[in-house]
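> can you look at this prediction? I've put the sequence above it.
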Amino acid sequence: MGAVVALSAVLNGWGLSAMGWGNAYYSAAVRSMGSSWHNFVYASLDSAGYVSVDKPPFSLWVQVVSAKIFGYSRYSLLLPEVLAGAAAVWLLWWGLRRTWGSTAALAGAAALAVMPINVVVNHSNNTDSVLVLLMTAAAVLAMESVRTGRLRWLLGSCVLAGCAMTAKMLAAAPVMPGLLIAFVWCAPLGWKVRVRRAAIGAVVMAAVGLWWFVAVQATAKDDRPYVGSTRTNSVFELAFERNGVNQVDGQNSGIPVAPRAGDGRPGARPGSGAGAPTPGMPDAGPPGAGPPDAGPPPSVGSLAEISGFAEGLPTVLRGDAGRPTPITALGFTSGDPGVARLTDRELGGQIGWLVPLGVIGALAALLATRIRPSPRLGALLVLGCWFAAGAIVFSFTKGVVHPYYMAGIGPPLAGLVGVGAATFRFDLAAGRMRAVLGLAGVVVSAFTEWAIWRRFQWRGWFAAVFVAAIAVVALVAASLIARARRPGWLTESRAAVVVAAAIVAVLLAPAMWTQGSLQAGVSGPLPYAQPLSIGAGVTTANQITPNGGFQYPSISVPSLIEYLRAHRNGERWAVAVESAAPAEEIIIAGGDPVMAVGGFIGTDPIISSTGLRAKVRDGEVRYFLLPPGGGLMPGLLRGVGSLSWVTRDCTVVPVADWEHGAGEDTAKPGTPAFPGGPTATAFQLYDCRGAV
């Protein structure tokens, strides 16, 4: 097992130096959150507490602690993810070993260690690595609560599941039902005790999972950052609407309402805003502010439109017969909803390799337990409910399903593979005909892996290798099953060798896919496993500039920071920008407070033009850094009305005054992030002092 954990750690850390700052959005937030307890608690993107990130803070808290211990650097932010991935592998082994034995434990741990999407997710400082670790730990403790019947294990499981909720909201939901179902059905206690303790566990889970959301919602809006990526500044909208119902059914995810008048920001001074503008009318602004701002309120398209935009991004000629084969668009696309979604082109390479073996293995294990309460059935229920809930949601979600979401069901799938392997070994050694199910799982895995592999023109020769390996093992297993009734012929050791060979053969394809994905490079913002390059000479998004990001300024960030610090005269924010993307560079480089006026992609209705002018007039912000044309992703954004007056009324600061020392790390204007994607933009700096 030590070798398996070591393999996991090596794979998770392989090529980490090429990851840059990973997801620069969260890297910037970590630096700001480390500047004060207020920002730490509310997950503020900027150190002045203007807007929060689009996730609860638990995973980011882990990164802040790491940065405090080791210093703020890209490695201190990525190290927790590397360790979290290896820890999840060890925990899965520990839990399975105490219920299903060493065969299940080793097979399940090995499957998770080489699971492509889990390995690449552990290269990014997204919230998913810590989320997966928390869910795995909750599942393992639930297995132990079923085995022993002790309340402390159940409560520990529920606490960890609640913590997972504060890491990524409803992404933690798939693991929750199985924890309680398994305990109620299988714990070695009287039924009244089981039900009572499960009810206590449910209350604990809800309390731990919701406390942060309740605390944020109960805080006066002027005393905390605006809840990023919401229309109403509500953390419950973020958790249950934007990242809940809307995500599943694909409803409009845009911001169709105009910004409210006034700023609604922490520390707002009385009179800094005006009354709400008349619906449908342009914001006239304060007296003497110039002509009214025209144009529609900020909004983005529906999830379907965003997905369609992503589908049309990069393509490379690598498919059969030279037909264009769409790359996964840096982790945007996920195929069509349906039963086969987890094994289709987009998601098959992430997790689909092991779905047949896991599902058929779970069925064989269920038959072996005869649904009688036992620790083994309890472990099977925990893992099976977790995987089934996540697989159903991801398979039929109509909204955006990024490939890296699959990491959330990697551990239960790997666990089911382990349980299936153990059942196959038991049945084979005992000469039971039920061993045919294990053989069927191996054979179907061969067909599935071949179907996934042949969709890509990459190391085509290897398909013959793993198919041949699986075929040989399947033939040997079939021979053993046919001769199983001969007394003394089939020994436990022979069965163990055959099952071990079967697991190794099935894991060859995902292991090679993982290696190729690491060699090709992993996207920090949207990690996904795919060994195909994104085009000759084009690297992944996190390698474009020192700090990554989708829309990256073609400027020398250090010289900009030097200018802003030299000319800052008590302003609360050093500079204001349209969205989080250009703010990330400045925050990471210097930690200076940057106002992302429209939040993550510039569409949050945080502040009106009137409120923004008031902040300029009150001396809270002076400089604005804006692209000449505006817009993060052309075709998605439809204008940001609260900033339209800046380019009209404010003074352009000559480039020679604030930009110097541009070097090879500064992207030239027009440099693409990836084929068909956004390009580097020559931002302009505006001085708005005296303009309102």
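Thanks, I have the structure now.
> contacts, neighbours, all on C-alpha from now
Fine.
> where does pLDDT dip in this structure?
Across the chain, the ranges flagged by pLDDT under 70 are 246-247, 249-332, 484-490, 533-554, 628-641, 661-681.
> helices of the stretch 501-650 of the chain, start to end?
Here the stretch 501-650 of the chain has its helices, by DSSP state H, counting those that start in this stretch, at 557-567, 580-590, 609-617, 646-649.
> quick one: which of the ones you listed is nearest W212?
Counting by C-alpha to C-alpha, W212 lies closest to helix 580-590 out of the helices of the stretch 501-650 of the chain; the figure is 23.4 Å.
> who wins for proximity to V400 among the helices of the stretch 501-650 of the chain?
helix 580-590 (20.1 Å).
> the closest one packs against which elements?
helix 24-33, helix 557-567, strand 594-596 (3 or more C-alpha pairs under 8 Å, 6 or more residues apart in numbering; DSSP states H and E).
> got JSON lines for the ones you listed, with mean neighbour count and distance to A187 too?
Shown next, in JSON lines, are the helices and strands packed on helix 580-590 (neighbours: other C-alpha atoms under 10 Å; distance: least, C-alpha to C-alpha, whole Å):
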{"stretch": "helix 24-33", "mean neighbour count": "28", "distance to A187": "41"}
{"stretch": "helix 557-567", "mean neighbour count": "16", "distance to A187": "59"}
{"stretch": "strand 594-596", "mean neighbour count": "26", "distance to A187": "51"}
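> domains of this structure?
Domain segmentation of the chain under automatic domain parsing yields 2-214+324-520, 544-692.
> distance from the chain centre to the longest one, please.
Going back to what we said before, that points to domain 2-214+324-520. Chain-centre distance of domain 2-214+324-520: 14 Å, with C-alpha atoms, centre = their mean, to the nearest Å.
> could you tell me the end-to-end distance of it?
This stretch, domain 2-214+324-520, spans 28 Å end to end (C-alpha to C-alpha, to the nearest Å).
> number the residues from 16 up from this point.
Let's use 16 as the start, then, which means that last one is domain 17-229+339-535.
> in contact with the closest residue to W29 other than its chain neighbours, which residues?
With sequence-adjacent residues excluded and distances taken as C-alpha to C-alpha, 6 or more residues apart in numbering, W29 is closest to L533, at 7.2 Å. For L533, the contact set (C-alpha atoms under 8 Å, 6 or more residues apart in numbering) comprises 29-30, 135, 544, 546.
> same question, G37
89, 93, 138-141, 538-540, 557, 563.
> would a markdown table of the residues you listed with neighbour count be doable?
Shown next, in a markdown table, are those (neighbours: other C-alpha atoms under 10 Å):
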| residue | neighbour count |
| --- | --- |
| R89 | 20 |
| L93 | 28 |
| H138 | 30 |
| S139 | 31 |
| N140 | 32 |
| N141 | 28 |
| S538 | 26 |
| G539 | 28 |
| P540 | 25 |
| N557 | 26 |
| G563 | 27 |
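> any idea how many residues pack against S172?
30 (other C-alpha atoms under 10 Å).
> other SSEs contacting the one helix or strand it maps to?
Per DSSP states H and E: S172 is located in helix 166-183. Helix 166-183 sits against helix 73-85, helix 143-163, helix 191-201, helix 206-233, with contacts defined as 3+ C-alpha pairs under 8 Å, 6+ apart.
> among those helices, which comes closest to G705?
Using C-alpha to C-alpha, the helices and strands packed on helix 166-183 put helix 206-233 closest to G705, at 36.2 Å.
> distance from that closest one to the middle of the chain?
In terms of C-alpha atoms, centre = their mean, the centre of helix 206-233 is set 25 Å apart from its chain centre.
> and it, which residues are buried?
Residues of helix 206-233 classed as buried by neighbour count (16 or more other C-alpha atoms under 10 Å): 209-210, 212-213, 216-217, 219-225, 227-228, 231-232.
> and S494, how many neighbours does it have?
Counted with other C-alpha under 10 Å, residues neighbouring S494 total 11.
> returning to that earlier point: of all the helices and strands packed on helix 166-183, which lies closest to V668?
The closest of those to V668 is helix 73-85. By C-alpha to C-alpha, the value is 35.2 Å.
> any idea how far R509 lies from G373?
Here R509 is placed at a distance of 23 Å from G373 (C-alpha to C-alpha).
> re the thing from before, columns neighbour count and distance to M527 on top of the contacts of L533, output as TSV?
Listed next are these as TSV, based on neighbours: other C-alpha atoms under 10 Å; distance: C-alpha to C-alpha, whole Å:
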residue	neighbour count	distance to M527
W29	17	14
G30	14	16
V135	32	13
A544	34	11
P546	21	9
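> with distance to G446 as extra columns, can I get these in TSV?
Shown next, in TSV, are those (distance: C-alpha to C-alpha, whole Å):
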residue	distance to G446
W29	43
G30	46
V135	40
A544	39
P546	41
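> which of those residues lies closest to D619?
The nearest member of the contacts of L533 to D619, counting by C-alpha to C-alpha, is V135 at 30.2 Å.
> please export the C-alpha coordinates of the host helix or strand of G123 as CSV.
Using DSSP H and E, G123 falls within helix 117-129. Extracted in CSV, the C-alpha atoms of helix 117-129 (Å, rounded to 0.1, in the frame of the first residue of the first chain):
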residue,chain,number,x,y,z
SER,A,117,-6.9,-6.5,1.4
THR,A,118,-7.9,-7.4,-2.2
ALA,A,119,-10.7,-4.7,-2.3
ALA,A,120,-8.5,-2.2,-0.5
LEU,A,121,-5.5,-2.5,-2.8
ALA,A,122,-7.6,-2.7,-6.0
GLY,A,123,-9.7,0.3,-5.0
ALA,A,124,-6.7,2.4,-3.9
ALA,A,125,-4.8,1.6,-7.1
ALA,A,126,-7.8,2.5,-9.2
LEU,A,127,-8.1,5.9,-7.5
ALA,A,128,-4.4,6.5,-7.7
VAL,A,129,-4.4,6.4,-11.5
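> give me the next element, helix or strand, following that helix.
Next element after helix 117-129 (DSSP H and E): helix 131-136.
> between helix 143-163 and the helix holding S172, find me the angle.
Counting by axes from the mean of the first three to the mean of the last three C-alpha atoms, to 10 degrees, helix 166-183 lies at 160 degrees to helix 143-163.
> in helix 166-183, what's buried?
For helix 166-183, burial by neighbour count (16+ other C-alpha under 10 Å) applies to 166, 168-183.
> over to stretch 534-550?
The neighbour-count check on stretch 534-550 (16+ other C-alpha under 10 Å) flags 535-549 as buried.
> which of the residues you listed lies closest to R663?
P540 (33.8 Å).
> tally of neighbours for the nearest residue to that closest one once chain neighbours are set aside?
Once flanking residues are discounted, P540 sits nearest to N38: 4.2 Å by C-alpha to C-alpha, 6+ apart. Around N38 there are 26 other residues, counting by other C-alpha under 10 Å.
> how close does N38 get to A126?
Applying C-alpha to C-alpha to N38 and A126 gives a distance of 26 Å.
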